[in-house]
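Enquirer: structural data only, the sequence is not supplied:
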């Protein structure tokens with residue numbers, strides 16, 4: 001057996017998903033459906049299923065039915081955004097072989113936010129579709145910048161260096177957003193509320209605008225699953241097995257950046273979903289990305305939908321944006337990941 005074949009065979013055995021994986025995916029999908037139902041019926045005012053069915057049929061007459069009609073696109077946006085961030089986090093962790101990788105921690109979401117804020121403040125952008133393109137460009141530029149900074153010095157792009165580079169970049173970008181917004185009183189309130197990260201403004205129009213971008217991002221990421229499995233073996237082994245490492249990394253990262261940028265354009269920066277979800281899903285399905293990515297999509301959708309429901313319940317009759325709820329959940333989880341033994345490459 002060759003030097004490359006031995007570790008490849010060993011890793012292939014280690015990456016076989018546990019038995020019952022399809023059942024776990026089905027169960028997780030059932031949890032998502034239950035959370036979506038709760039999201040439609042629970043809020044500052046609970047509604048009956050009769051009003052839900054009336055709203056779904058297109059008959060919106062009373063206050064409760066109007067509330068349902070608004071909650072339906074909000075729920076769909078939370079599920080779509082959560083799925084996108086979950087998959088993007090899993091792909092980023094696979095591309096960088098960094099268990100701390102996350103669109104928020106690496107500053108990608110904040111880069112998309114700065115690009116949108118700059119477009120509004122300096123170039124007068126008003127088109128929602130333009131926001132998406134600008135956000136994707138900002139996310140991509142930030143991802144390249146953080147990876148370049150984290151790769152400098154001895155040892156290359158280690159998890160600790162990438163996390164520090166991402167944290168420093170996020171802080172700098174957040175300050176830049178404030179510098180852009182503060183002198184502009186006409187846009188300060190709207191950008192500030194959007195910057196927290198939330199799905200309360202979700203509409204069918206906003207979902208329709210980002211849906212093509214999300215579809216492209218999901219497709220690229222899912223097609224990159226085999227590459228991500230090979231990259232986990234190490235660059236030398238992956239190259240020895242016929243993988244063009246640079247192309248594999250660039251293509252996979254492109255899919256994740258598209259998902260992050262499109263999501264941030266419509267919801268604002270939402271952190272920690274891409275960190276928490278892949279780690280939890282690995283406990284269920286292992287490290288095979290052919291299963292990990294679908295699990296991360298469903299798990300991310302479930303987490304963000306649950307966060308939206310919790311945010312509406314704990315502060316009745318007001319609400320807490322999902323960006324705050326996910327930060328409260330993800331912050332302690334991030335500390336746990338850092339302190340667990342030692343931070344290791346995937």
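Expert: Nice, thanks for sending it over. Just so you know, these numbers come straight off a predicted model, no measurement behind them. Residues are numbered from 1 along each chain as shown.

Enquirer: show me the contacts for the closest residue to residue 198 other than its chain neighbours.
Expert: The shortest distance from residue 198 to any non-neighbouring residue, by Cβ to Cβ, 6 or more residues apart in numbering, is to residue 321 (3.6 Å). Every C-beta, even on glycine, is put in place using the N, C-alpha and C of the backbone. Shown in contact with residue 321 (Cβ atoms under 8 Å, 6 or more residues apart in numbering): 196, 197, 198, 200, 311.

Enquirer: ok, residue 76 next?
Expert: Taking Cβ under 8 Å, 6+ apart as the criterion, residue 76 is in contact with 202, 204, 207.

Enquirer: out of these, who's the most crowded?
Expert: For the contacts of residue 76, neighbours were counted by other Cβ atoms under 10 Å; the highest total belongs to residue 202, with 23 neighbours.

Enquirer: and it, how far from residue 322?
Expert: Computed as Cβ to Cβ, to the nearest Å, the residue 202 to residue 322 distance reads 11 Å.

Enquirer: who touches both of the two?
Expert: Joint contacts of residue 202 and residue 322 (Cβ under 8 Å, 6+ apart) are 78, 267.

Enquirer: tally of neighbours for residue 171?
Expert: A count of neighbours around residue 171, defined by other Cβ under 10 Å, yields 12.

Enquirer: before we move on, which element is it in?
Expert: Under DSSP states H and E, the secondary-structure element containing residue 171 is helix 159-181.

Enquirer: just the element for the residue sitting nearest the centre point of the chain, please.
Expert: If you average the C-alpha coordinates of the chain and look for the closest C-alpha using Cα atoms, centre = their mean, you land on residue 85, 1.2 Å from that point. Counting by DSSP H and E, the element that carries residue 85 is helix 63-96.

Enquirer: packing partners for the helix or strand following that helix?
Expert: As assigned by DSSP H and E, the chain's next helix or strand after helix 63-96 is helix 108-123. Here helix 108-123 touches helix 128-151, helix 159-181, helix 185-196, helix 245-267, going by 3 or more Cβ pairs under 8 Å, 6 or more residues apart in numbering; DSSP states H and E.

Enquirer: relative to helix 185-196, how tilted is helix 108-123?
Expert: Our comparison of helix 108-123 with helix 185-196, counting by axes from the mean of the first three to the mean of the last three Cα atoms, to 10 degrees, yields an angle of 170 degrees.

Enquirer: as a whole number, average confidence for helix 108-123?
Expert: Predicted confidence along helix 108-123 averages 90 (mean pLDDT).

Enquirer: what are the buried residues along that helix?
Expert: With burial defined by 16 or more other Cβ atoms under 10 Å, the residues of helix 108-123 counted as buried are 108-121.

Enquirer: just stretch 138-149 next, same as before
Expert: Judged by neighbour count (16+ other Cβ under 10 Å), stretch 138-149 contains these buried residues: 138, 139, 140, 141, 142, 143, 145, 146, 147, 149.

Enquirer: show me what that stretch is in contact with.
Expert: The contact list for stretch 138-149 (Cβ under 8 Å, 6+ apart) reads 96, 103, 106-116, 157, 161-162, 165-166, 169, 173, 253-254, 256-257, 260-261, 264.

Enquirer: and the furthest pair within the buried residues of helix 108-123?
Expert: Using Cβ to Cβ, the pair of the buried residues of helix 108-123 lying farthest apart is 108 and 121, separated by 20.6 Å.

Enquirer: make a markdown table from the contacts of residue 321 and add distance to residue 68 and neighbour count to it.
Expert: Converted to a markdown table, the contacts of residue 321 look like this (distance: Cβ to Cβ, whole Å; neighbours: other Cβ atoms under 10 Å):
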| residue | distance to residue 68 | neighbour count |
| --- | --- | --- |
| 196 | 25 | 16 |
| 197 | 24 | 26 |
| 198 | 19 | 26 |
| 200 | 15 | 17 |
| 311 | 18 | 22 |
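
Enquirer: kindly indicate which of the residues you listed lies nearest residue 179.
Expert: In terms of Cβ to Cβ, no member of the contacts of residue 321 lies closer to residue 179 than residue 196, at 18.1 Å.

Enquirer: tell me the pLDDT at that closest one?
Expert: As predicted, residue 196 sits at a pLDDT of 77.

Enquirer: now residue 30
Expert: Reported pLDDT at residue 30 in the predicted model: 96.

Enquirer: what about it, distance to residue 37?
Expert: Counting by Cβ to Cβ, the gap from residue 30 to residue 37 is 11 Å.

Enquirer: residue 252 too?
Expert: From residue 252 over to residue 37 (counting by Cβ to Cβ), the distance is 34 Å.

Enquirer: neighbour-wise, which of these two wins?
Expert: Neighbours were counted for residue 252 and for residue 37 using other Cβ under 10 Å; residue 252 has more, 23 against 14.

Enquirer: surely the more buried one touches residue 90?
Expert: No. Here residue 252 does not reach residue 90: they are 10.2 Å apart, not a contact under Cβ atoms under 8 Å.
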